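*Asks:* Sequence first, predicted model second:
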Amino acid sequence: MSGNMIKNFRIIILLYVLLMVATSTWWAKERTTDWDEPLDVIIYPINGDGREATTEYIELLDNDTFTGIEEFFNREAKRYGLVIKKPIDIDLAEQINALPPTPPGNNASVLSIMAWSLKLRYWSWRVDNYDYPNDIQVFVIYFDPEIHKKVAHSLGLQKGLIGVVNAFADKKMSKGNNIVIAHEILHTVGASDKYDPRTNLPLFPTGFADPDKQPSFPQKKAEIMAGRIPVDVNKAEAPESLKIVVVGNETATEIRWVGMDSK
């Protein structure tokens, strides 16, 4: 086989793979945003720092740890008039003893981002220890807050329906962890961020829980994809729990909660 034939064959294989990925992505998007039945969200805990305190915290996790997330989705779906009473159903998998591929930096090329995305999807398939089919995988990497005062940015991919959350291994911080998990779950079903990445301040009006409030400040609640409660033009505070967080109208539109009356 000549060099040109080998090159053409490789191109054909690559195009085929990309076509399969694109088709799979389109089908997953349609399936996960029709809201006909609950999405199965599986949480996989990971010890991110190898500390014994982190292991002890993970061993205490159960489904009740994440009940607040389900309640948040139930409440907000009802507020938007969805017929389905339980949009997501969370279950806890066994601990994963491996870390996901490191995401590329801010200045990464499109090709390197695509390569990392494919690696993450392959990794998530390889380490999956859950016995039943699932819709969304959320890998929660826990760190001991006694050592780690800050954690890296979390992420959620609609392509692959995967979330990677960096969280704190502390019961007192579980409500804050749940806000981040809910945020990343919404990314997997098509929601976009509603904050300025340079300042972390919520964008107006899409990042405000009540954009019509007069005066605009201070807001009383946070929009989930903005993540913070705007206090004034230059200040925003983290909400204590999902009880004071809402799904804004633009987010609801992105995940097809608006215009789904027939569901």
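*Replies:* Happy to help now that I have it.
*Asks:* Can you say which helix or strand has Ala236 in it?
*Replies:* strand 235-237 (DSSP states H and E).
*Asks:* Partner strands of that strand and their direction?
*Replies:* Using DSSP bridges, the strands paired with strand 235-237 are strand 229-232 (antiparallel).
*Asks:* any idea which helix or strand comes after the strand holding Ala236?
*Replies:* strand 245-246.
*Asks:* Buried residues, the next helix-or-strand element following that next one. List them.
*Replies:* Next along the chain after strand 245-246, taking DSSP H and E as the criterion, comes helix 249-254. By 16 or more other Cβ atoms under 10 Å, the buried positions in helix 249-254 come out as Glu250, Thr251, Ala252, Glu254. Bear in mind the C-beta positions are built from the backbone N, C-alpha and C, glycine included.
*Asks:* Hmm, the first one is touching Gly190, no?
*Replies:* No - counting by Cβ atoms under 8 Å, no contact exists between Glu250 and Gly190, whose distance comes to 11.3 Å.
*Asks:* pLDDT score for the most centrally placed residue in the chain?
*Replies:* Nearest to the mean C-alpha position of the chain, counting by Cα atoms, centre = their mean, stands Glu184 at 1.5 Å. Listed pLDDT for Glu184 reads 98.
*Asks:* how about the helix or strand in which it is found as PDB, C-alpha atoms only?
*Replies:* For Glu184, the element it lies in under DSSP H and E is helix 174-188. Extracted in PDB, the C-alpha atoms of helix 174-188 (Å, rounded to 0.1, in the frame of the first residue of the first chain):
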ATOM      1  CA  SER A 174     -21.300  19.700  51.600                       C
ATOM      2  CA  LYS A 175     -24.000  22.300  50.800                       C
ATOM      3  CA  GLY A 176     -21.500  24.300  48.900                       C
ATOM      4  CA  ASN A 177     -20.200  21.200  47.100                       C
ATOM      5  CA  ASN A 178     -23.800  20.500  46.000                       C
ATOM      6  CA  ILE A 179     -24.100  23.900  44.400                       C
ATOM      7  CA  VAL A 180     -21.100  23.200  42.300                       C
ATOM      8  CA  ILE A 181     -22.300  19.700  41.400                       C
ATOM      9  CA  ALA A 182     -25.700  21.100  40.300                       C
ATOM     10  CA  HIS A 183     -23.900  23.800  38.300                       C
ATOM     11  CA  GLU A 184     -21.900  21.200  36.400                       C
ATOM     12  CA  ILE A 185     -24.800  18.800  35.900                       C
ATOM     13  CA  LEU A 186     -26.600  21.700  34.100                       C
ATOM     14  CA  HIS A 187     -23.500  22.200  31.900                       C
ATOM     15  CA  THR A 188     -23.900  18.600  30.700                       C
END
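*Asks:* Tell me which other helices or strands it touches.
*Replies:* If you count contacts as 3 or more Cβ pairs under 8 Å, 6 or more residues apart in numbering; DSSP states H and E, helix 174-188 packs onto helix 67-79, strand 136-143, strand 155-157, strand 162-168.
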